[in-house]
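Novice: predicted model and sequence below, questions to follow.
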Amino acid sequence: MVVFGLIALCTAYGEGALADWGALHLEQDLGASPGAAAVGYLCFALAMTIGRLSGTTLLERLGRTRTILAGGSIAAAGMLLGALAPCLWAALLGYAVTGLGLANLFPVAVERAGALAGPSGVATASTLGYGGMLLGPPAIGFMADWYSLPAALTSVAVLAAVATTIGFTTRHVRTD
């Protein structure tokens, strides 16, 4: 159940990081106006909402493991684009792709932890997940201070890839 909590942590880290740092990256590094920078979070949140609303259909078609693998891979690619894009429009596309990729990782991780260990699994995975939301913004801030904000935001892509790897290694864990 802790391993599924780590997937939730990696996912929520990205959510927190984009909520707190995504617009600043667009404004500071890509020269976006404050209004255009705010659209960055809108792209992320709207894509995540669409992804979550279509999550049941996705789970029925792909299953839990493939949903984690696809979602983590898509989120990693999207965040690399969002963090390293040379222009605003590419970064906005990256944020939207990241939102689609991350959308179902947290719910699937918590569900799998609950199926494995019952209510204590849900509590453990959720606690770790929300810990990631608290950890992400200050971690990004420290890394941005040491390196740069675009470099710091690539940590979201790295953790999405970690979630994908964990999902792959736990593909044979039966939670049904």
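Specialist: That came through, no problem. Numbering: from 1, shown residues only.
Novice: residue ranges with poor pLDDT in the chain?
Specialist: In the predicted model of the chain, residues 175-176 satisfy pLDDT under 70.
Novice: swap the cut-off to 80 and go again
Specialist: Flagging of the chain using pLDDT under 80 yields the residue ranges 1, 173-176.
Novice: next secondary structure after whichever strand or helix holds residue 99?
Specialist: Element membership of residue 99, judged by DSSP states H and E, is helix 88-102. The helix or strand immediately downstream of helix 88-102 is helix 105-117, counting by DSSP H and E.
Novice: give the buried residues for the helix holding residue 99.
Specialist: The neighbour-count check on helix 88-102 (16 or more other Cβ atoms under 10 Å) flags 88, 91-102 as buried. Where you see a C-beta, it was placed from the backbone N, CA and C, and this is true even at glycine.
Novice: determine the set of other helices and strands touching that helix.
Specialist: The contact analysis (3 or more Cβ pairs under 8 Å, 6 or more residues apart in numbering; DSSP states H and E) places helix 88-102 against helix 2-30, helix 34-53, helix 55-84, helix 149-169.
Novice: report the angle between it and helix 34-53.
Specialist: Angle, helix 88-102 to helix 34-53, by axes from the mean of the first three to the mean of the last three Cα atoms, to 10 degrees: 30 degrees.
Novice: coming back round to it: give me whichever of the helices and strands packed on helix 88-102 is most buried.
Specialist: Compared across the helices and strands packed on helix 88-102, helix 2-30 shows the largest average neighbour count, a mean of 24 (mean count of other Cβ atoms under 10 Å).
Novice: what distance separates it from the centre of its chain?
Specialist: In terms of Cα atoms, centre = their mean, to the nearest Å, the centre of helix 2-30 is found 6 Å from the chain centre.
Novice: again with stretch 97-115
Specialist: 9 Å.
Novice: for that stretch, how far is the first residue from the last?
Specialist: Length of stretch 97-115, first residue to last, Cα to Cα, to the nearest Å: 29 Å.
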